[in-house]
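Asker: just coords:
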Ligand SMILES: [Zn+2]
């Protein structure tokens, strides 16, 4: 009988632990399979076991313009990808691993809950998470592909995401280049925007 080398067995167990953590954070089976070296069926079975229901069907989110559709989305995406990029650079790795995604998304949730949901929440960005881990994974791929880049605002010094893509080039600070409408929603400032007096 063949024995599994200790190191390989350890890696295998580690992949399953990370897969479970990803699913608990909301990751869908295709992402879990890709990051944790599990088969599609293994990921689906684990998802059902952890969540107690079948995973959502359909395409994973992938939209280059998602981060520029509102200042609130840009803020959430900039916080998450800023954390992920810092971890990745600190570890000197080119790609985001399952462990990096788990760590970055857990930190993002923690920070976002304190900034946007706690008793000292900053209204009116949003009172709920607008970034789920599947969208977060898609955005990290765009960052690594160079479709999204970080820009530092010359006024407030915030690090925010800009889109560099043939169909959509956009670079505005989600803190400074916005105005607030009557409902309290932050909107991108533009030539057509009417800032309230
Ligand atoms: Zn700014």
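Answerer: Received the coordinates, thanks. Being a predicted model, the structure only gives us computed values, none of them experimental.
Asker: And the average pLDDT for stretch 50-61 is what?
Answerer: What stretch 50-61 shows for mean pLDDT is 93.
Asker: buried ones in it?
Answerer: With burial defined by 16 or more other CB atoms under 10 Å, the residues of stretch 50-61 counted as buried are residue 55. The C-beta positions use only the backbone N, C-alpha and C, and glycine is treated the same way.
Asker: Now do the same contact list for residue 103.
Answerer: residue 87 (CB atoms under 8 Å, 6 or more residues apart in numbering).
Asker: Could I get the phi/psi values of it?
Answerer: For residue 103, the backbone dihedrals (degrees, to the nearest 10) come out as phi -70, psi -50.
Asker: and if you look at residue 80?
Answerer: Here is the backbone geometry of residue 80 (degrees, to the nearest 10): phi -60, psi -50.
Asker: Number of residues surrounding it?
Answerer: For residue 80, the count of nearby residues is 26 (other CB atoms under 10 Å).
Asker: Can you list the low-confidence ranges for this structure?
Answerer: Low-confidence segments of the chain, defined by pLDDT under 70, span residues 1-10, 116-129, 167-168, 191-197.
Asker: any idea which element the residue at minimal distance from the centre of it lies in?
Answerer: Note on the chain: the residue nearest the mean C-alpha position is residue 136, at 2.2 Å, using CA atoms, centre = their mean. According to DSSP states H and E, residue 136 maps onto helix 133-145.
Asker: next helix or strand past that helix?
Answerer: With elements assigned by DSSP H and E, the helix or strand that comes after helix 133-145 is strand 148-152.
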